[in-house]
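Q: just coords:
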Ligand SMILES: [Zn+2]
Ligand SMILES: [Zn+2]
């Protein structure tokens, strides 16, 4: 099991990403402790590719070259969240 798959509770603020409980001092995705594999923010504009939220400074965040790595991590985040969201139906 990869390290990021074990990540669940933020060591900084104690926020539980699985249960969505705890003191959320850092927003999900912006948490400084979040593993690189779960980073879904564009390096350049901090656009969130998972929630598709943010204020992209690039013309098209969906194709922005700075976000290539982050976009590739969206799949990781989906799989990761599914591990502790068993009620999710697709
Ligand atoms: Zn945190
Ligand atoms: Zn960008």
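A: Arrived safely, thanks for sending. Note that the structure is predicted; figures quoted are calculated from it, not measured. Ligands and ions are numbered 1, 2, ... in the order given.
Q: State which helix of this structure is the longest.
A: Residue-count comparison of every helix in the chain, with assignments taken from DSSP state H, identifies helix 68-83 as the longest.
Q: Pull out the buried positions in it.
A: 69-71, 73-74, 76-77, 80 (16 or more other CB atoms under 10 Å). (Glycine included, C-beta is placed from N, CA and C.)
Q: near ligand 2, which residues of the protein show up?
A: Taking CB under 5 Å from the ion, the part of the chain that reaches ligand 2 is made up of 42, 44-45, 58, 64, 66-67.
Q: ranking these by neighbours, who comes first?
A: By neighbour count, taken as other CB atoms under 10 Å, the most surrounded of the residues of the chain next to ligand 2 turns out to be residue 67 (26 neighbours).
Q: of all of the protein, which residue lies closest to ligand 1?
A: Nearest to ligand 1, among the residues of the chain, is residue 10, at 3.1 Å (CB to the ion).
Q: which residues touch that residue?
A: Listed by CB atoms under 8 Å, 6 or more residues apart in numbering, the contact partners of residue 10 are 16-17, 22, 26, 31, 33-34.
Q: returning to that earlier point: let me have the residues of the chain next to ligand 2 in a markdown table, extended by distance to residue 84.
A: Formatted as a markdown table, the residues of the chain next to ligand 2 follow (distance: CB to CB, whole Å):
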| residue | distance to residue 84 |
| --- | --- |
| 42 | 26 |
| 44 | 30 |
| 45 | 29 |
| 58 | 32 |
| 64 | 30 |
| 66 | 30 |
| 67 | 26 |
